[in-house]
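Colleague: 3D, please:
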Amino acid sequence: MESNTEHVREAHYTILSALKRDNDNHKRGIPARIAVLGLGFKAHTDDVRESPVLDLITMLREDGIEVVVFDPEIDIKQLTGANRNYLQAHLTDPEKSLVTQSEISGADCIVVTQKRNLYTSLIDELRESRPDIPVVDLA
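Modeller: So this is what the prediction gives:
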């Protein structure tokens, strides 16, 4: 859809702007690491088919940014059929890209793609130790 494409482009620009403004590593030429919270096309589902988040991840990786994803609904070992095939076709190394919630703490920027209480709590916890971490809310 054209509206999804435009939304992804705007999100891409917003994330890059947040990194350039707030990331000391980026300023020194060290590749950034972004944690995306939410991968499915909506919260509380493991269906990733046609999820615009996958297009956003591709764009960020093309910019040399490391992207990891936390979504408690997505378990690559449990996905089957077209859903699994779609994820594998659109997310290189899904086993390495999908991380646990404890693994997002090292990110330079957090991108929220779904409204979930869990994600709000994670961000609140992270901001206790890293109050200046950029959070881009796309939900």
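
Colleague: tell me which element the residue nearest the centre of the chain is part of?
Modeller: The residue lying closest to the centre of the chain (C-alpha atoms, centre = their mean) is Val36, at 1.8 Å. Assigned by DSSP states H and E, Val36 belongs to strand 33-37.

Colleague: Other residues contacting that strand?
Modeller: 15, 19, 53, 56-57, 60, 65-71, 99, 103-104, 106-114, 116, 119, 122-123 (C-beta atoms under 8 Å, 6 or more residues apart in numbering). The C-beta positions use only the backbone N, C-alpha and C, and glycine is treated the same way.

Colleague: cool, stretch 93-100 as well?
Modeller: 35, 39, 57, 67-71, 74-76, 87-88, 91.

Colleague: Quick one: list the elements packing against the longest helix seen in the chain.
Modeller: Taking DSSP state H as the criterion, the chain has its longest helix at helix 2-22. Where contact means 3 or more C-beta pairs under 8 Å, 6 or more residues apart in numbering; DSSP states H and E, helix 2-22 is packed against helix 24-27, helix 52-62, strand 109-112, strand 135-137.

Colleague: buried ones in that helix?
Modeller: 8, 11-12, 15-16, 18-19 (16 or more other C-beta atoms under 10 Å).

Colleague: how close does Leu39 get to Ala18?
Modeller: 20 Å (C-beta to C-beta, to the nearest Å).

Colleague: Tell me which residues touch the residue lying farthest from the centre of the chain, please.
Modeller: Distance to the chain centre peaks in the chain at Gly81, reaching 23.2 Å (criterion: C-alpha atoms, centre = their mean). Counting by C-beta under 8 Å, 6+ apart, Gly81 makes contact with nothing.

Colleague: Dihedrals phi and psi, it?
Modeller: phi 60, psi -140 (degrees, to the nearest 10).

Colleague: Look at it and report its pLDDT.
Modeller: Looking at Gly81, its pLDDT is 89.

Colleague: ok, it to Asp46 distance?
Modeller: 12 Å.

Colleague: Tell me the pLDDT of Met1.
Modeller: So, for Met1, pLDDT stands at 47.

Colleague: Counting neighbours, what do you get for Glu128?
Modeller: Residues lying near Glu128 (other C-beta atoms under 10 Å) number 7.
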